[in-house]
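In: Attaching a predicted model along with its sequence, questions to come.
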Amino acid sequence: MSGSSKFPEQFRKDAVELARSSDRPLRQVARELGVNHETLRNWVRTAERAETASPGSVSTSEQEELRALRKRVAELELEKEILRKAAA
């Protein structure tokens, strides 16, 4: 689930659980929660994809973190190379 949402992560998880466990239509559950029905539908689909992903797969937030860390490592390696050349 995305990190740039006006709804907290826990709210989204609870909303998905409610939508799955309820016998009411998704549209009605979304209305009761004050969420657009398509937003709730996307949260449910995202949760289903995350659950069916293979055990070794990485979540979206982990992918973003990996991308940021790899970028930082590249920056540090460049800085190290520059310092090594300056010291020589």
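Out: Arrived safely.

In: How much space separates Lys6 from Thr52?
Out: 27 Å (C-beta to C-beta, to the nearest Å). (Glycine included, C-beta is placed from N, CA and C.)

In: So for those two, which residue has more residues nearby?
Out: Thr52 (8 against 5; other C-beta atoms under 10 Å).

In: On the three-state scheme, Phe7 is what?
Out: coil (DSSP: H, G, I helix; E, B strand; the rest coil).

In: so it touches Val35, yeah?
Out: Yes. In this structure Phe7 lies within contact range of Val35 using C-beta atoms under 8 Å: 7.2 Å.

In: list the buried ones in stretch 18-32?
Out: 19, 29-30 (16 or more other C-beta atoms under 10 Å).

In: Straight-line length of that stretch, end to end?
Out: 11 Å (C-alpha to C-alpha, to the nearest Å).

In: List the residues that contact Ile22.
Out: Quick fix: residue 22 reads Ser, not Ile. Counting by C-beta atoms under 8 Å, 6 or more residues apart in numbering, Ser22 touches Val29.

In: domains for the chain, by residue range?
Out: In the domain annotation for the chain, the residue ranges read 1-57, 58-87 (the TED database).

In: What ranges in the protein fall below the confidence cut-off?
Out: Where the chain drops to pLDDT under 70, the residues are 1-4, 53-56.

In: give me every residue that touches Ala19.
Out: Counted by C-beta under 8 Å, 6+ apart, Ala19 has contacts 26, 29-30, 40, 43-44.

In: Closest one of these to Leu69?
Out: Trp43 (26.7 Å; C-beta to C-beta).

In: surely that closest one meets Asp14?
Out: No. With contact defined as C-beta under 8 Å, Trp43 does not count as touching Asp14 (10.3 Å).
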